[in-house]
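Q: curious how this folds, go ahead:
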Amino acid sequence: MSATHRRIVLASRPAAEPSVDNFRLETVPVPTAGPGEVLVRNHYLSLDPYMRGRMSTAKSYAPPQPLDEVMIGGTVGEVVASNHPGFKPGDAVAGFGGWQEYSVVGAAGLPMLQKVDTRQVPLSAYLGPVGMPGITAWFGLSKIIEPKPGETVVVSAAAGAVGSVVGQLARSRGCRAVGIAGGRDKCDYVVKELGFDACIDYKAAADAAALDALLADAVPNGIDGYFENVGGITLDVVLNRMNAFGRIAVCGMIAGYNGEPVPIRNPTVILRSRLKMQGFIVFENPAIVPWAISELSAQVASGRLKYRETIAQGLENAPEAFLGLLKGRNLGKQLVRLV
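A: Numbering: from 1, shown residues only. Model prediction:
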């Protein structure tokens, strides 16, 4: 094992759109596991849109990422040293090791360090369809949208790590699944590989009216459930196609992650159609995690739940990969391979 490893810290806060200059790559000694601690060699790092919000000091559901400290992030890897009876060297684990090659997990973090079974589910999948994105999709769909067979469920960012799972789960529950994604290639992937019933390429729409026309063709019977990842014009257009008593799970608002306003232009439709619209943070609901993982892992192991990964090689490429994620350049789950 090397005496040093690399990590990336937040060097400065972006004023608007983030850049690689907001991050700093450092080489430091590999930490040592103390009493009751576990040392993990991280194999994959997860990059997720929520990280953009943590880079800011704006009021949020979680405290901001501290400056000059390792960027927060989900990881999977292997235990290389353990002074805790619950873990041994060689264990495959998932946790929040951050943007670094090695991480020490102490008593406070051990509840979030979980052993994972890689016999049927690949290690990296525990950061995607069987990890936080998949659990997020499962919760928003199952507990907020609560789809019924025959209903229509629409999901934005449908080719991403969360949206791709939402649509497949909706189909497995007997629903018509319609995605919204950016680009013909992404829409082809969503329909031909993931099995959605339809996908709308928002980049092919010149304005809100054109997007509405595309959506109208895809949802002739209206929309019963909507999984929101984007906000902005997309949300406005979907709201006007919602059926009475429709349900909306608000997972993300990537259209406003750099401080742009994302107003709802016609909020009266929420009352007129008696809509339920609920934001959620999945890990505020820990009781559902075992149920979600049970279904998701079984579907991945059987091949029924399909997924793709966009993988950047090497920690040094994490900032560029993260910026690409925010611009929608990834297909499926964005990861960084650290080994």
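
Q: so which residues make contact with stretch 203-211?
A: Applying CB atoms under 8 Å, 6 or more residues apart in numbering, the external contacts of stretch 203-211 come out as 182-184, 200, 202, 213-214, 233-234, 236-237. Any C-beta I mention is one placed from the backbone N, CA and C, and that applies to glycine too.

Q: and with 6 Å instead?
A: With contacts defined as CB atoms under 6 Å, 6 or more residues apart in numbering, stretch 203-211 is touched by 182-183, 202, 214, 233, 237.

Q: between the two ends of it, how far is it?
A: With CA to CA, to the nearest Å as the measure, the ends of stretch 203-211 fall 9 Å from one another.

Q: just the buried residues of it, please?
A: By neighbour count, and taking 16 or more other CB atoms under 10 Å as the criterion, the buried residues in stretch 203-211 are 205, 211.

Q: from here on, count from 11
A: Will do, 11 is the new start, and the previous item becomes stretch 213-221.

Q: can you tell me the SS state at V89?
A: Per DSSP: H, G, I helix; E, B strand; the rest coil, the secondary structure class of V89 is strand.

Q: to what extent is the closest residue to it other than its chain neighbours buried, counted in neighbours?
A: Closest residue to V89 apart from its sequence neighbours, by CB to CB, 6 or more residues apart in numbering: D101 at 4.3 Å. Under the neighbour criterion other CB atoms under 10 Å, D101 is assigned a count of 18.

Q: tell me the centre residue of the protein?
A: For the chain, the residue nearest the mean C-alpha position is P143 (4.0 Å; CA atoms, centre = their mean).

Q: mean confidence for the longest helix that the chain contains?
A: With DSSP state H applied, the helix covering the greatest number of residues in the chain is identified as helix 299-312. Average pLDDT, helix 299-312: 96.

Q: how about stretch 257-275?
A: When the per-residue pLDDT values of stretch 257-275 are averaged, the result is 81.

Q: now the end-to-end length of that stretch.
A: Criterion CA to CA; first-to-last residue distance in stretch 257-275 is 18 Å.

Q: so how far is that stretch off the chain centroid?
A: From the chain centre to the centre of stretch 257-275 is a distance of 15 Å (CA atoms, centre = their mean, to the nearest Å).

Q: list the buried ones in that stretch?
A: Using 16+ other CB under 10 Å as the test for burial, stretch 257-275 gives 257-265, 267, 272.

Q: got a list of what A102 touches?
A: Remark: with contacts taken as CB under 6 Å, 6+ apart, A102 is in contact with 126, 128, 133.

Q: tally up the residues packed near the nearest residue to E88 once chain neighbours are set aside, please.
A: Nearest-residue entry for E88: R51, 5.3 Å, with adjacent residues in sequence omitted and distances by CB to CB, 6+ apart. R51 is flanked by 20 other residues according to other CB under 10 Å.

Q: so R51 makes contact with V86?
A: No - when contacts are counted by CB atoms under 6 Å, R51 is not listed as touching V86 (10.5 Å).

Q: re the thing from before, can you list the contacts of stretch 213-221 in JSON lines and add secondary structure and neighbour count?
A: Formatted as JSON lines, the contacts of stretch 213-221 follow (DSSP: H, G, I helix; E, B strand; the rest coil; neighbours: other CB atoms under 10 Å):
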{"residue": "G192", "secondary structure": "coil", "neighbour count": "21"}
{"residue": "G193", "secondary structure": "coil", "neighbour count": "15"}
{"residue": "Y212", "secondary structure": "helix", "neighbour count": "22"}
{"residue": "L224", "secondary structure": "helix", "neighbour count": "18"}
{"residue": "I243", "secondary structure": "helix", "neighbour count": "17"}
{"residue": "V247", "secondary structure": "helix", "neighbour count": "23"}
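
Q: report the two of those separated the most.
A: G193 and V247 (17.9 Å; CB to CB).

Q: how close does the residue nearest to L245 when sequence neighbours are not counted get to Q288?
A: Nearest non-adjacent residue to L245, counting by CB to CB, 6+ apart: E238, 6.1 Å away. Separation of E238 from Q288 (CB to CB, to the nearest Å): 10 Å.

Q: and if you look at V140?
A: Distance of V140 to Q288, given as CB to CB: 24 Å.

Q: these two: who's more crowded?
A: Residue environment comparison for V140 versus Q288 gives the larger neighbour count to V140, 29 against 12, counting by other CB under 10 Å.

Q: hmm, back to that, tell me which element the residue nearest to E88 falls in.
A: Secondary structure assigned from DSSP states H and E places R51 in strand 48-56.

Q: what does R17 give?
A: When secondary structure is defined by DSSP H and E, R17 falls within strand 14-20.

Q: got the CA positions of the helix or strand that that strand is followed by in CSV?
A: Beyond strand 14-20 in the direction of the C-terminus, DSSP H and E gives the next helix or strand as strand 33-39. Written as CSV, here are the backbone C-alpha positions of strand 33-39 (Å, rounded to 0.1, in the frame of the first residue of the first chain):
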residue,chain,number,x,y,z
PHE,A,33,-11.4,22.4,-6.6
ARG,A,34,-7.9,21.5,-5.5
LEU,A,35,-6.1,18.2,-5.9
GLU,A,36,-3.8,17.3,-3.0
THR,A,37,-1.4,14.5,-2.2
VAL,A,38,-1.4,13.6,1.5
PRO,A,39,-0.3,10.6,3.7
